[in-house]
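> okay, here's the prediction I keep looking at, along with the sequence it came from:
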Amino acid sequence: MITIISGTNRPNSNTLKLARYYQKQLSKWGVESTLLSLETLPPNLLVSDLYGARSDEFKEILNIINATEKFLFIIPEYNGSYPGALKVFIDACEFPASFYHKKAALVGHSSGKYGNIRGVDHFTGVCHYMQMHVMPLKIHIPYIRQEFDENGNLFKEDTVKFTQMQIEAFASF
Ligand SMILES: Cc1cc2nc3c(=O)[nH]c(=O)nc-3n(C[C@H](O)[C@H](O)[C@H](O)COP(=O)(O)O)c2cc1C
């Protein structure tokens, strides 16, 4: 099972738009996936699902995560790194069932000019701590607000080319 994690809980995020785009493109390669937006996390997650606590709502999400073999994380740049909501989500999951020895591909993006290079590096460290196999081809998309057409598709030649390379690599990873 493949799961795309839209790595922020911010409403109307570019992250979710990009995650939907990746899901559509993956299905063109015959790869079906589940999309999990962090917007759907229990609003009280900090209290309801950390350090041994477990809500019924989060249990359903955990079932998806634990059944997943390959993850695609779409990660926006927040204050020079990846979002805190993503780390809280990872901390709320289970060790080793959730991520240990599983595969991950990473996509970073930002409204500024660095495309979350630093945040993806930080998150790579977290993945390696969990002994995940991180796909070497990582993509960084700066100025994300200028990247979508009116249908929510990427349209710039270079961005389409490099995201397609990653999608193809991920399909056979
Ligand atoms: C809390 C927060 C911190 C942010 N920090 C940065 C930043 O450090 N660098 C940057 O280029 N953009 C930053 N942004 C802008 C995001 O990169 C921008 O919102 C982009 O569209 C991706 O995030 P989204 O999925 O929330 O839309 C920040 C946005 C938020 C909400």
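Thanks, I have it.

> show the model's pLDDT score for the most centrally placed residue in the chain.
Closest residue to the average C-alpha location of the chain: Phe73 at 1.9 Å, with CA atoms, centre = their mean. If you check Phe73, the pLDDT there is 99.

> I figured it was touching Lys103, is that so?
No - checked against CB atoms under 8 Å, the pair Phe73 and Lys103 is beyond contact range at 11.1 Å. Just so you know, the C-beta spots here come from the backbone N, C-alpha and C atoms, and that holds for glycine as well.

> check what pLDDT Gly52 gets.
So Gly52 comes in at 89 (pLDDT).

> one more: Val31?
95.

> please apply the same query to Pro11.
Per-residue pLDDT puts Pro11 at 98.

> for it, which non-adjacent residue is closest in space?
Glu39 (6.5 Å; CB to CB, 6 or more residues apart in numbering).

> element containing Gln164?
Take DSSP states H and E as the rule and Gln164 turns out to sit in helix 157-172.

> quick one: contacts of that helix?
Residues outside helix 157-172 that contact it (CB atoms under 8 Å, 6 or more residues apart in numbering) are 21-22, 25-26, 29-31, 70, 72, 105, 107, 135, 137-139, 141, 147, 154.

> how about the residues of this protein by the ligand?
Contact residues, the chain versus the ligand (CB under 6 Å from any ligand atom): 8, 10, 13-15, 76-80, 109-112, 144-145.
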